[in-house]
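Asker: have a look; sequence and predicted model below, questions after that.
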Amino acid sequence: MVRKLTKDDVLAAVKGGSVFASGGGAFYEHGLAMGYAALALGDVNLISIDELSDDAVLLTQTAIGAPAGTTDWQMQGKDYIKAVQLVQERLDKKIVGLWTPQNGKSSSTNGWISAAALELYIVDVTGDIRAHPTGEMGDIGVNSNPDYTTIQAAAGGKHETGKYTEVVVEGKSKTTSKILRAASDQAGGFIATARHPLSAKYVRENAVIGGLSTAIHLGHTILKVEKKGADAVISSIVKETKGEIIARGKVISKKMRYTNQAFDIGTIVIEDEKGKKFTLYAQNEFMAIEDETGKRLSTYPDVQTLFRTEDAFPLSTNEVKKGQEVVLFKIDKSHFQLSTGVKDAEVYPDVEKSLGIKLYDYSFPKK
């Protein structure tokens, strides 16, 4: 099935993607801008992966960097297009479609402008239903495949400051992904990428099928009830996603730092009406929630969202402020499909080291 995406779908993708952004997933206004620009440029066609031949070449398109707004970045629609072209130049077969490795505030519209400009499909899969800090978590298993050699390209940065950068690298995913993240830092902390040429057959067997339309559908659900107020929005999200509210309270602490790997790392502490405290661990995205006794309440790949109480807006780490009234929410991983990438134990150690906590053993305990 092929579905022509509309302006309403742009807003829905960003609204729904914001819930799955888990405190990251890039920038809300950027997501809208890229989505609307894509539709102004040409048709954006969302295709079911079942419509594609097994050997159709698909490419991941995303932005990488730190979403806390701490850096002087610039990324334009033409940077996304350029990244795809840089990979295409290295391939013998034509790229047929693009897919996003994650949902998020702008991640859910990843690739739309390139698809419109280059007459490619947007494929209805994601590498992870939610946003995540490292490329490996959304690469649907190529990180641990010793036989796969990838091509990755990046473009972005301000020309006037001399930060504009183009990079093309070829090699194993573990190494090349780190090169792109370094390029993101040098370009100003946020950069457009295209990577991992893969067959539709491989993507079908390893990605989250229908991951993008899931976010778009959630967004339309939110839009239908927004006029009823914040409580109605949050209730509709809980019902639609089978999620749960962990706490309602106030932000009492926020400690974030930027690293030269283009990560924002730190903690946010919430105190509820009864004085109970909850700590969110963040590396670009929220990755775990603990109560004041140290009990783990949620761990990636669960979805973890912090809503602003007044309007049910899902907050990114840069938007969280001390004293804000918030609602802490999660969707357990049992309620959505998991890709090969998020089940790969090898993609967790770097993040665990940065945060100083265990993740994989909580989500995938040994039997």
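Answerer: Looks like it arrived, so ask away.
Asker: H30 reaches S107, doesn't it?
Answerer: No: using CB atoms under 8 Å, H30 makes no contact with S107, being 9.8 Å away. In short, each C-beta sits where N, CA and C put it, glycine included.
Asker: neighbour count: those two, which is higher?
Answerer: Higher neighbour count among H30 and S107: S107, with 35 against 19, using other CB atoms under 10 Å.
Asker: what do H30 and S107 both touch?
Answerer: Common contacts of H30 and S107 (CB atoms under 8 Å, 6 or more residues apart in numbering): A63.
Asker: show me where the stretch 201-350 of the chain has strands.
Answerer: Taking DSSP state E, counting those that start in this stretch, the strands of the stretch 201-350 of the chain run over residues 208-209, 244-259, 263-272, 277-283, 285-291, 296-299, 303-308, 313-314, 325-331.
Asker: would you point out which residue is most central in this protein?
Answerer: Geometric centre of the chain, nearest residue: A131, 3.0 Å, by CA atoms, centre = their mean.
Asker: got a list of what that residue touches?
Answerer: Taking CB under 8 Å, 6+ apart, we find A131 in contact with 20-26, 102-104, 107, 284-285.
Asker: quick check on it: phi, psi?
Answerer: The phi/psi pair for A131 (degrees, to the nearest 10) reads phi -80, psi 150.
Asker: burial count for T259?
Answerer: Residues within reach of T259, counting by other CB under 10 Å, total 13.
Asker: how near is it to T134?
Answerer: Distance, T259 to T134, using CB to CB, to the nearest Å: 13 Å.
Asker: mind putting the strands of the stretch 201-350 of the chain into JSON lines with distance to E160 and mean pLDDT?
Answerer: Listed next are the strands of the stretch 201-350 of the chain as JSON lines, based on distance: least, CB to CB, whole Å; pLDDT from 0 to 100:
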{"stretch": "strand 208-209", "distance to E160": "39", "mean pLDDT": "98"}
{"stretch": "strand 244-259", "distance to E160": "22", "mean pLDDT": "94"}
{"stretch": "strand 263-272", "distance to E160": "25", "mean pLDDT": "93"}
{"stretch": "strand 277-283", "distance to E160": "31", "mean pLDDT": "97"}
{"stretch": "strand 285-291", "distance to E160": "31", "mean pLDDT": "97"}
{"stretch": "strand 296-299", "distance to E160": "42", "mean pLDDT": "98"}
{"stretch": "strand 303-308", "distance to E160": "34", "mean pLDDT": "98"}
{"stretch": "strand 313-314", "distance to E160": "32", "mean pLDDT": "97"}
{"stretch": "strand 325-331", "distance to E160": "38", "mean pLDDT": "98"}
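Asker: let me have those strands in JSON lines, extended by distance to Y121.
Answerer: Putting the strands of the stretch 201-350 of the chain into JSON lines (distance: least, CB to CB, whole Å) gives the following:
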{"stretch": "strand 208-209", "distance to Y121": "15"}
{"stretch": "strand 244-259", "distance to Y121": "35"}
{"stretch": "strand 263-272", "distance to Y121": "32"}
{"stretch": "strand 277-283", "distance to Y121": "32"}
{"stretch": "strand 285-291", "distance to Y121": "27"}
{"stretch": "strand 296-299", "distance to Y121": "34"}
{"stretch": "strand 303-308", "distance to Y121": "26"}
{"stretch": "strand 313-314", "distance to Y121": "28"}
{"stretch": "strand 325-331", "distance to Y121": "28"}
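Asker: and the protein, what are its domain boundaries?
Answerer: Using automatic domain parsing, the domain parsing of the chain gives 2-212, 229-363.
Asker: so of those domains, which one's packed in deepest?
Answerer: Highest mean neighbour count of the domains of the chain: domain 2-212, a mean of 22 (counted as mean count of other CB atoms under 10 Å).
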